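Visitor: what follows is a predicted structure for the sequence shown.
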Amino acid sequence: MHLFLKIILLLLIIVIQSATAIEEEKRNKIKSPIEKQSVKSSEKIQEDWIQLDTVKDNTDTEFSIFDNLIDTNKDKDHPFKIEEESLFGRIYKKEIERTSIPSFLLKDELTFQYEKGPIDKIQLYGAYQGNFGFNFKESDYDTTYGFGFMEAGLIGDLKDKHTNFKLQFNFKEGENRSYLQGLITDVYIMNNRIPHHKIIVGNSRNQVGFEGGMSSYILPFINRSQISRTFGNTRALGARIVGNYSLIDYSFAYNSSDRFFKDFFPGSEFTGWVNFKPLGKTDGKYGEIIVGGGLNTGKNKTDYTVSGAYASYRYKRFMANFEYAYADGYNGTYLSTNKAEGFYTTLVYRLTKKLHLLARYDWFDPNKEISNDNRKEYSIGLNYFLKGQAARLILNYIFCDNDNAEDSHRIMLGTQFVL
């Protein structure tokens, strides 16, 4: 087992050294002072441009894994040659650089515009993330295959240019619900007529925690942190207002406390989150700082309250964040009266535009009234972006240190596609 972990560590070191060597070789090829100055200016522009994508990262990638298979010369008879007019050719040449927002490989092909009626455009999409898991315990070893997500839906807008709508289906079975209860995840309309604001009415993702309210398509790791997957990662039916300014953004929602359409309004809940951005007017010169916090409280057979705080700093290729949450009962994937507490901290460094290195420490106490039941997870990961978040390869290693259960090691290999 120790030998296996050493091999994994050695592979990570080789990847880092290879990426560094490639960048150094590119720099050494420049001979003239004019060329050097041009390269420095280009690098400066790229770094500034990367910093502007402050939510996550920017990348500029291609399907490099096909370089040795595809003949780009259309005059040759090659089974994998690129045709400009072919679907595969368009995907191959598509440039998707940002990773801070979901991207779609077939956005142009699956978007339809209507001349008549109130609807202006509709875009269809599908999303899939699957992962192999290799689980090691002192007394056991097994392999698994699971779905991070398997979804399809549509988004669209009306001709008034201020109203959007979304309908999304989830085809992955979940815990504590039937298949039909979890089939429809998002169904809402959104209006942005008020400057800097969005008003959402319907069933949408609930902002319980920073990572808990984050889209599954842009998560840095395959799994969310323990507080995020326990308290957050929920959707609720109600009304929500979202504001976004240079120094502050916020989200306030009044919802039904129901989850997955199990009951008709069993109670109400309030969910609020506020982020302060003290460097918001510096154009990324000193990086970006976010300090925020929020509350999710309501009643569903029992009272529950989850409070949390978040802080992060991003500068060029580096990002570090920290999130803490305390629950006096919670209404996440399942309803609980437990008092629970946890936090995580994540470090991200972009080795290259394509390759990102991650590390995370994650601590969780699922029941404050029971001693010696803490759970700690130590994770390292690599993300390789083929086409932004639309095509991504993922490698995660997690060591689980449990107070009252057997420790375990897990290696997860994931693929993500958003069409």
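Guide: Sure thing, it's come through. Numbers count the residues shown, from 1 in each chain.
Visitor: where does residue 218 fall, phi/psi-wise?
Guide: Taking degrees, to the nearest 10, you get phi -120, psi 20 for the backbone angles of residue 218.
Visitor: okay, residue 371: pLDDT?
Guide: Predicted confidence (pLDDT) for residue 371: 88.
Visitor: helix, strand or coil for it?
Guide: At residue 371 the chain is in coil, as set by DSSP: H, G, I helix; E, B strand; the rest coil.
Visitor: and the nearest residue to residue 109 once chain neighbours are set aside, what's its pLDDT?
Guide: Nearest non-adjacent residue to residue 109, counting by CB to CB, 6 or more residues apart in numbering: residue 87, 6.9 Å away. For every residue, glycine as well, the C-beta is placed using N, CA and C. Listed pLDDT for residue 87 reads 78.
Visitor: helices and strands around the strand or helix carrying residue 112, which ones?
Guide: Per DSSP states H and E: residue 112 is located in strand 111-113. The elements that strand 111-113 packs onto, with contact taken as 3 or more CB pairs under 8 Å, 6 or more residues apart in numbering; DSSP states H and E, are strand 119-137.
Visitor: list the contacts of the following helix or strand past the strand it packs on.
Guide: With elements assigned by DSSP H and E, the helix or strand that comes after strand 119-137 is strand 140-158. If you take CB atoms under 8 Å, 6 or more residues apart in numbering as the criterion, strand 140-158 is touched by 118-135, 163-172, 185-186, 216-217, 222, 414, 416.
Visitor: what's the neighbour count on residue 92?
Guide: For residue 92, the neighbour count with other CB atoms under 10 Å is 17.
Visitor: hang on, the earlier thing: what does the strand holding residue 112 contact?
Guide: By CB under 8 Å, 6+ apart, strand 111-113 touches 120, 121, 122, 123, 124.
Visitor: in space, what's closest to the third one - neighbours in sequence excluded?
Guide: The reference is to residue 122. residue 156 (4.0 Å).
Visitor: and the one you found, how close does it get to residue 106?
Guide: As judged by CB to CB, to the nearest Å, residue 156 and residue 106 stand 16 Å apart.
Visitor: same deal with residue 267?
Guide: Counting by CB to CB - residue 267 and residue 106 are separated by 41 Å.
Visitor: does the residue nearest to residue 122 have any beta-bridge partners, and if so which?
Guide: residue 122, residue 165 (DSSP bridges).
Visitor: that one and residue 162, how far apart?
Guide: In terms of CB to CB, residue 156 sits 13 Å off from residue 162.
Visitor: make sure residue 184 is actually in contact with residue 166.
Guide: No: contact criterion CB atoms under 8 Å: residue 184 and residue 166 do not qualify, at 11.0 Å.
Visitor: these two: which has the busier surroundings?
Guide: Neighbour comparison, residue 184 and residue 166: the larger count goes to residue 166, with 19 against 16 (by other CB under 10 Å).
Visitor: tell me the contacts of that one?
Guide: Residues counted as contacts of residue 166 (CB under 8 Å, 6+ apart) are 153, 154, 155, 156, 186, 187, 188, 190, 204.
Visitor: and which of those residues is nearest residue 308?
Guide: Using CB to CB, residue 204 is the member of these that lies nearest residue 308, at 19.2 Å.
Visitor: can you pull up the bridge partners for that closest one?
Guide: Note on residue 204: beta-bridge partners by DSSP bridges are residue 236.
Visitor: neighbours of it, how many?
Guide: 23.
Visitor: ok, now which ones touch it?
Guide: 166, 186, 188, 235, 236, 240.
Visitor: top of the residues you listed by number of neighbours, please.
Guide: residue 236 (25 neighbours).
Visitor: tell me the pLDDT of that one.
Guide: On pLDDT, residue 236 comes in at 94.
Visitor: who touches it in this structure?
Guide: 203, 204, 206, 253, 255, 256, 257, 258, 259, 269, 271.
Visitor: most widely separated two among these?
Guide: 204 and 257 (14.9 Å).
Visitor: and the contacts of strand 140-158, which are buried?
Guide: For these, a burial check counting by 16 or more other CB atoms under 10 Å picks out 120, 122-131, 133, 135, 163-170, 172, 185-186, 216-217, 222, 414, 416.
Visitor: from residue 109, how far off is residue 269?
Guide: In this view, residue 269 and residue 109 are 40 Å apart by CB to CB.
Visitor: the two - which one has more neighbours?
Guide: A count of neighbours by other CB under 10 Å puts residue 269 above the other of residue 269 and residue 109, at 22 against 14.
Visitor: nearest residue to that one in space, please, no chain neighbours.
Guide: residue 298 (2.5 Å).
Visitor: please name the bridge partners of that neighbour.
Guide: residue 269, residue 304.
Visitor: burial of it, as a residue count?
Guide: 22.
Visitor: these two touch, right, it and residue 259?
Guide: No: taking contacts as CB under 8 Å, residue 298 lies outside contact range of residue 259: 11.0 Å.
Visitor: list the contacts for residue 171?
Guide: Counting by CB under 8 Å, 6+ apart, residue 171 has contacts 150, 151, 152, 183.
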